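A.B. asks: Structural data only, the sequence is not supplied:
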């Protein structure tokens, strides 16, 4: 089940409105090294605006170095956080680009080796400060152990988390993060994403995701307002 177009806003004393909106969540079960997601919805243009892409892909053989590059409408993205996997499991990453214009674009992700399937979430962040994240978190869990960790979020800032697992009929349960999408990208891989904004600074906010069994990988980023 997926949930699109859930903007979350917080008004700051400076009257700057910070927002995060999940605009799209395309998936593919194609075996490939390069994934092209065509005409992806980016949401409304704004200045400044940050586009965050969070994605995962299932590896066919040997450990993958993950994605080697990513572009949104031909604009190069920068990796912010990654949780690499091993053969038969998934690699989970977040990348970003400061991009003021465009409401749709092709998103191209080049992987370091051939993958079995991939899923993508796209987040529109008008009012976010340019540049990299304020803080990052990567965590892994497994049978009897949830993926969990702490992350700081600046006052008036936002938080995006993304998780992935292998296996059929999976769903995710989050603690201290608001789920916006929960879906499979093929019969043996599932992904979930969250977004939140905070008027007050969050110091060491504990984020936990549970999907019941097997390995789960989680990556989170926090972002300051402009």
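C.D. replies: That came in fine, so what should we check first? These numbers come from a predicted model, not from an experiment.
A.B. asks: So what does residue 205 have for phi and psi?
C.D. replies: phi -70, psi 130 (degrees, to the nearest 10).
A.B. asks: how close does it sit to residue 167?
C.D. replies: 28 Å (C-beta to C-beta, to the nearest Å). The C-beta positions use only the backbone N, C-alpha and C, and glycine is treated the same way.
A.B. asks: Same check on residue 81?
C.D. replies: From residue 81 to residue 167 the distance is 23 Å (C-beta to C-beta).
A.B. asks: Please identify which of the two sits among more neighbours.
C.D. replies: The neighbour comparison of residue 81 against residue 167 (other C-beta atoms under 10 Å) goes to residue 81, with 21 against 16.
A.B. asks: who's the more buried one bridged to?
C.D. replies: residue 94 (DSSP bridges).
A.B. asks: Looks like it contacts residue 132 (just checking).
C.D. replies: No - counting by C-beta atoms under 8 Å, residue 132 is not a contact partner of residue 81; they are 10.0 Å apart.
A.B. asks: Show me the residue at the heart of this structure, geometrically.
C.D. replies: Centroid-nearest residue in the chain, with C-alpha atoms, centre = their mean: residue 54, separated by 2.6 Å.
A.B. asks: I'd like the next helix or strand past the lowest-mean-pLDDT helix or strand in the chain.
C.D. replies: Lowest mean confidence among the helices and strands of the chain (mean pLDDT, DSSP states H and E): strand 8-11, at a mean of 46. As assigned by DSSP states H and E, the chain's next helix or strand after strand 8-11 is strand 17-24.
A.B. asks: Past that following strand, which element shows up next along the chain?
C.D. replies: strand 27-28.
A.B. asks: Could you name the helices and strands sitting against whichever helix or strand comes after that next one?
C.D. replies: Sequence order places strand 32-41 as the next helix or strand after strand 27-28, per DSSP H and E. Counting contacts by 3 or more C-beta pairs under 8 Å, 6 or more residues apart in numbering; DSSP states H and E, strand 32-41 packs against strand 17-24, strand 104-126.
A.B. asks: where does the chain have low pLDDT?
C.D. replies: Within the chain, the ranges that satisfy pLDDT under 70 run 1-17, 61-64, 86-88, 213.
A.B. asks: wouldn't residue 60 be in contact with residue 31 here?
C.D. replies: Yes - shown here, residue 60 and residue 31 form a contact pair, counting by C-beta under 8 Å, at 6.9 Å.
A.B. asks: Spit out the residues that contact those two alike.
C.D. replies: Residues touching both residue 60 and residue 31 (C-beta atoms under 8 Å, 6 or more residues apart in numbering): 114, 115, 116.
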